[in-house]
Each structure stands twice: as structure tokens, then as C-alpha cells.
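Enquirer: Sequence first, then the predicted structure:
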Amino acid sequence: MKCEMIRDLLPLYIDGLTSEESNVEIEKHLRTCKECRIYYQEMTGEIQSATPISDEEIQDVELLRKIKKRNRRKVAGLLAASILVVVIVLSFVFSQTYSRVKFEDVQIDYGVRGDKAYLSIESEPGYELWFSGSVSENESILKILSARKIGGSGKDIMRWEDELGTEDNPCRWTIEFQDKTIVIENGELVEEK
Ligand SMILES: [Zn+2]
């Protein structure tokens, strides 16, 4: 049956006025013909004045989705690239401002004052010293990590002072530089390696 005939019959079909034979034909057609099905659904109120979506429109939607997806991927790529650039720049800046500290980069002063041993480490003008370390009762280990250029003419001076220990259990400072490690016991240099 042609679409036009089906559509002419649809109002009767909906009211239950069509013959069994016609009903079979109409239902068969509705199963296979999308446009008539939509027309029928509009008439019965299953779809409220919906306009049929053409294949072209469906393709447009698909295309739009693909473009969006592609854009999203592009954005993610750009983001990753810019993060990489930031990391590279930061590590370059870091390597320019922070430098490893060699023994000769600092002034070391140590000795005994009264019953106390002292130690001071002084940076070059315009530098700030960074260190880590561990301190126990009779032993301090200092690791001079880096010097950061902060400008100006001020020096960064680190000072330590501790009670003198006994010969068996001396006040012991181990100081690690990039190129050398020194050990000071009771204010005296006892080891250099
Ligand atoms: Zn049809």
C-alpha cells in the first residue's frame, strides 16, 4: 500500500473502523515505514508535533559530536604541552638560582669558646644557604644542599654551638658539601674526605 492511502486510512484505523484485512496491511506498513509511523504517532499523541529527523540531520549531529570530541582531544594535548613547558622553564630557573655548594663556596669558622665548641658557615654575599641534617646528643650531621642567589650584599650565616664532649664521646659535627665532607670534633677539624 502507498503511504498516501495508509495516511487516509489512519483516522479510521485509530477509531477502530477499518476491516481486519486493512488493519493487517496498515500495521505491516507502519512497521516498515518510518514516516507513516511518525505520522501515526503524532495523530495518536504519542509524539507531540515532532518533526521527523532526517538522515541528514542525524549526520550533522554525528559530525558535531566528532568535532567536539576532536576539540576536546586537542585541548588535552595543548594542556599537556603547556604543563611540560612550565616544568622545563621551572627546572631551568631552579638550576640557575639554586646551585650545589662546594667546600670553597663558603667560609667556615670553628673552635672553642669557654666550655663550648662553635661552628659557623657563611655564604658568599647575596646567597642563601639551604641545608638538611640530623642532630643527636653528641653528633650532628649537616648536609649543605644548595645555595640560592637572592641578590644584595648580605651573607647567610649559620651558627652552631654545643657543650664540649669527652674524648670518648666528643661533640661531633659532620658537614657534607658537594665535593667534600669534613668532621669537626670538639671544635677541631679531625677528618676531611
Ligand atoms: Zn508510509
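Expert: Received the coordinates, thanks.

Enquirer: Excluding its own residues, what touches the helix or strand hosting L145? List them.
Expert: Using DSSP states H and E, L145 sits in strand 139-149. The contact list for strand 139-149 (C-beta atoms under 8 Å, 6 or more residues apart in numbering) reads 97-101, 105-106, 121, 123-124, 126-135, 160, 162, 172-178. For the C-beta atoms, the positions are set from N, CA and C on the backbone; glycine is no exception.

Enquirer: What are the buried residues along the helix or strand following that strand?
Expert: As assigned by DSSP H and E, the chain's next helix or strand after strand 139-149 is strand 157-163. Neighbour-count burial for strand 157-163 flags 160, 162 (criterion: 16 or more other C-beta atoms under 10 Å).

Enquirer: which strands and helices sit next to the next helix or strand after strand 157-163?
Expert: Downstream of strand 157-163, the first helix or strand assigned by DSSP H and E is strand 172-176. Under the contact criterion of 3 or more C-beta pairs under 8 Å, 6 or more residues apart in numbering; DSSP states H and E, strand 172-176 touches strand 116-122, strand 139-149, strand 181-185.

Enquirer: So which of these is nearest Y40?
Expert: Ranking the helices and strands packed on strand 172-176 by distance to Y40, with C-beta to C-beta as the measure, places strand 139-149 first at 79.6 Å.

Enquirer: How far does the closest one sit from its chain's centre?
Expert: 30 Å (C-alpha atoms, centre = their mean, to the nearest Å).

Enquirer: and it with strand 116-122, angle?
Expert: Interaxial angle of strand 139-149 relative to strand 116-122 (axes from the mean of the first three to the mean of the last three C-alpha atoms, to 10 degrees): 20 degrees.

Enquirer: hmm, which helix or strand of this protein has the shakiest average pLDDT?
Expert: strand 98-99 (a mean of 69; mean pLDDT, DSSP states H and E).

Enquirer: Can I get the helix or strand following that one in CSV, CA atoms only?
Expert: Next in sequence after strand 98-99, counting helices and strands by DSSP H and E, comes strand 107-113. Coordinates of the C-alpha atoms in strand 107-113 are reproduced here as CSV (Å, rounded to 0.1, in the frame of the first residue of the first chain):
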residue,chain,number,x,y,z
GLN,A,107,83.6,30.4,54.8
ILE,A,108,83.9,28.0,57.7
ASP,A,109,84.9,29.1,61.2
TYR,A,110,85.1,26.7,64.2
GLY,A,111,86.8,26.5,67.5
VAL,A,112,86.3,26.5,71.3
ARG,A,113,84.9,29.3,73.4
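
Enquirer: Who are the packing partners of strand 107-113?
Expert: Counting by 3+ C-beta pairs under 8 Å, 6+ apart, strand 107-113 packs on strand 116-122.

Enquirer: Partner strands of the strand it packs on, with direction?
Expert: strand 107-113 (antiparallel), strand 157-163 (antiparallel) (DSSP bridges).
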